[in-house]
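Student: Mind folding the following:
(one chain, ligands or ions: 2)
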Amino acid sequence: MLLEVRDLHVEFRTRDGVARAVNGVSYGVDAGETLAVLGESGSGKSVTAQAIMGILDSPPGRITGGEILFQGRDLLRLKEEERRRIRGAEMAMIFQDALSALNPVLPVGDQLGEMFVVHRGMSRKDARAKAVELMDRVRIPGAAARVRDYPHQFSGGMRQRIMIAMALALEPALIIADEPTTALDVTVQAQVMDLLAELQRELTMGLVLITHDLGVVADVADRIAVMYAGRIVESAPVHDLYKAPAHPYTRGLLDSIPRLDHKGRELYAIKGLPPSLMHIPAGCAFHPRCTAARDLCRTDVPPLHEVTGERGSACHFWRECLDG
Ligand code: SF4
Ligand code: MG
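Tutor: Ligands and ions are numbered 1, 2, ... in the order given. Below is the predicted model:
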């Protein structure tokens, strides 16, 4: 396994109390595989990613338990210097907002080239040639002429391609993409997602794709891990999960995707809001919103039950859910 997160716990200490952002998350991704991590905002999906990358806001954030194995090494035991070397070269991250991730006063070619100067000791001139090559690779038209342009001179979609180019520059083994297309128009979203998926396959990288949008993952992900209140509530190969969810929360998410064959019908929405991470409900954290909840759900935290060898569900009544 390229990346294996084991029983990760992360909390944030604030003036108002402790927010339990990640409460025992385990997931893994292999080389050449795409894992989609799905959840609403505040589900812990980005915090988990930040812990993996070693960019957690700390303090107030603190990893209180677990392991993060990358190519067999526990990242949490490495020195910061070693982690810095791994970051960018062996694992890279793509963020939602390219405009704030890129330096506004530096031409994009210089920013791309910088990776090769810093990590590979290349000359400025060679690094610029590499930058053009990368911009070509992510299909930015007229790359050679645009290498001196600044981030604001590109459209949102093109900027996101530049972010992808930056992440791919040193051909890392793992990419973590946090809502990489959320800020884009729907048509551009699909193009950028297709590009990312294509490059991921070509370079047989592991990809962790973080999203709140179940609609974007069907075509690109191999597996899905659904998060709620800092836990994984369902984990499954993507097609199994679409065919028959084994957790009421996943079922609710699936039912709220607009579908062509359901035109005119009112869209389902899960009632209520995700809980505050400072006051996670007892028992199953989803119980206040779950239409299938009963007494046991209000007292006992459901473990991740094995549904099949490849699937897990953290619902006491997963069998009933699976049967529809
Ligand atoms: Fe709903 Fe209970 Fe299952 Fe939680 S454990 S998802 S409350 S049925
Ligand atoms: Mg987020």
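Student: make it CA atoms for all contacts and neighbour counts henceforth
Tutor: OK.
Student: Just give me the neighbour total for the residue lying closest to Ala218 once chain neighbours are set aside.
Tutor: Among residues not flanking Ala218 along the chain, Val238 sits closest, at 6.7 Å (C-alpha to C-alpha, 6 or more residues apart in numbering). Residues within reach of Val238, counting by other C-alpha atoms under 10 Å, total 20.
Student: residues contacting whichever residue of the stretch 1-150 of the chain sits closest to ligand 1?
Tutor: In the stretch 1-150 of the chain, the residue that lies nearest ligand 1 is Gly39 (14.5 Å; C-alpha to the nearest ligand atom). If you count contacts by C-alpha atoms under 8 Å, 6 or more residues apart in numbering, Gly39 has them with Lys45, Thr211, His212, Val226, Met227, Tyr228.
Student: Phe286 reaches Tyr249, doesn't it?
Tutor: Yes: between Phe286 and Tyr249 a contact is recorded at 7.5 Å, counting by C-alpha atoms under 8 Å.
Student: returning to what we had before: from the contacts of Gly39, which ones fall inside strands?
Tutor: Cross-referencing the contacts of Gly39 against strands under DSSP state E gives Thr211, Val226, Met227, Tyr228.
Student: just curious, which of those residues is nearest to ligand 1?
Tutor: Tyr228 (10.3 Å).
Student: Assign the closest residue to the closest one other than its chain neighbours to helix, strand or coil.
Tutor: In space, and not counting its chain neighbours, Tyr228 is closest to Ser43: 4.8 Å by C-alpha to C-alpha, 6+ apart. For Ser43, the assignment made with DSSP: H, G, I helix; E, B strand; the rest coil gives coil.
Student: Next up, phi/psi of the residue of the stretch 1-150 of the chain closest to ligand 1, please.
Tutor: Dihedral pair for Gly39: phi 180, psi 160, per degrees, to the nearest 10.
Student: Need the per-residue pLDDT for it.
Tutor: For Gly39, the pLDDT comes out at 92.
Student: same question, Arg128
Tutor: For Arg128, the model assigns a pLDDT of 94.
Student: What of the one 3 residues further on?
Tutor: At Ala131 the predicted local distance difference test score is 96.
Student: I figured it hits Val117, correct?
Tutor: No: with contact defined as C-alpha under 8 Å, Ala131 does not reach Val117; the gap is 11.0 Å.
Student: so how far is the helix or strand containing Val25 off the chain centroid?
Tutor: With secondary structure defined by DSSP states H and E, Val25 is part of strand 17-29. Here strand 17-29 is found 14 Å from its chain centre; the criterion is C-alpha atoms, centre = their mean, to the nearest Å.
Student: Now do that strand, average pLDDT.
Tutor: For strand 17-29, mean pLDDT rounds to 97.
Student: Mind giving me the packing neighbours of that strand?
Tutor: Here strand 17-29 touches strand 3-14, helix 45-53, strand 206-211, strand 231-237, going by 3 or more C-alpha pairs under 8 Å, 6 or more residues apart in numbering; DSSP states H and E.
Student: What strands line up against the third one, and which way round?
Tutor: Each strand that pairs with strand 206-211, with its direction, by DSSP bridges: strand 34-38 (parallel), strand 174-178 (parallel).
Student: picking up where we left off before, now tabulate the helices and strands packed on strand 17-29 in CSV and tack on mean pLDDT.
Tutor: Shown next, in CSV, are these (pLDDT from 0 to 100):
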stretch, mean pLDDT
strand 3-14, 97
helix 45-53, 96
strand 206-211, 96
strand 231-237, 98
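Student: Can you verify Asp240 is assigned to a helix?
Tutor: Yes: assessed with three-state DSSP, Asp240 lies in a helix.
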